[in-house]
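> give me coordinates for this.
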Amino acid sequence: ASTDDGNSQGNSECSVCIMLEGVECQLILTETHREERFSDRDLLSSNNCVVIVFSVTEKESLNEAEEILEDLWQSGDLNTKAVILVGNKTDLVRTRQVPIDEARSLATSHDCKYVEV
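Residues are numbered from 1 along each chain as shown. Purely as a prediction, here's the structure:
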């Protein structure tokens, strides 16, 4: 894996080569921040997948994830890209604020996959 301190938009990137159905592919992960969300349409259009990560310990982060899903729906990207909603910080069981059923329901309503880590 290689890392980069950022690209021209100020987002941080990390890349790794993976084998996908026998074909070597480069997976590039680009972290965007809330303020920059999808202001750069070129960045979004050059990607095949969007991974939206939220904290299960912060209800507000699920609300932000929902806003992102709505933005993707309004732009038409929800129909053309693989979208995965990821619940993070599941090890912090005592401080969990987002029930798994609520997060899964949000993913289902936007026709995307849901996983927790």
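
> apart from its neighbours in sequence, what residue is nearest residue 29?
Closest residue in space to residue 29, ignoring its immediate chain neighbours: residue 14 at 4.8 Å, by C-beta to C-beta, 6 or more residues apart in numbering. Any C-beta I mention is one placed from the backbone N, CA and C, and that applies to glycine too.

> ok but that neighbour is inside a strand, no?
Yes: assigned with DSSP: H, G, I helix; E, B strand; the rest coil, residue 14 falls within a strand.

> list the buried residues in stretch 47-54.
Buried positions in stretch 47-54, judged by neighbour count with 16 or more other C-beta atoms under 10 Å: 50-52, 54.

> next step: those residues restricted to strands.
The members of the buried residues of stretch 47-54 that map onto strands under DSSP state E are 50-52, 54.

> picking up where we left off before, switch the buried residues of stretch 47-54 over to TSV; also include distance to residue 85 and pLDDT.
Shown next, in TSV, are these (distance: C-beta to C-beta, whole Å; pLDDT from 0 to 100):
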residue	distance to residue 85	pLDDT
50	10	86
51	8	89
52	5	91
54	7	95
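
> let me have those residues in a markdown table, extended by distance to residue 24.
Shown next, in a markdown table, are the buried residues of stretch 47-54 (distance: C-beta to C-beta, whole Å):
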| residue | distance to residue 24 |
| --- | --- |
| 50 | 22 |
| 51 | 21 |
| 52 | 26 |
| 54 | 31 |
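
> what residues does the longest helix seen in the chain touch?
For the chain, the longest helix by residue count, based on DSSP state H, is helix 59-75. For helix 59-75, contacts defined as C-beta atoms under 8 Å, 6 or more residues apart in numbering pick out 34, 37-38, 44, 50, 52-56, 78, 81, 83, 85, 97-98, 102-103, 106, 110, 112.

> do the same with stretch 45-54
Against stretch 45-54 from outside (C-beta under 8 Å, 6+ apart): 28-30, 44, 61-62, 64-65, 68-69, 72, 77, 81-88, 98, 103.

> gap between residue 58 and residue 28?
With the distance defined as C-beta to C-beta, to the nearest Å, residue 58 ends up 27 Å from residue 28.

> now residue 97
If you go by C-beta to C-beta, the gap between residue 97 and residue 28 works out to 31 Å.
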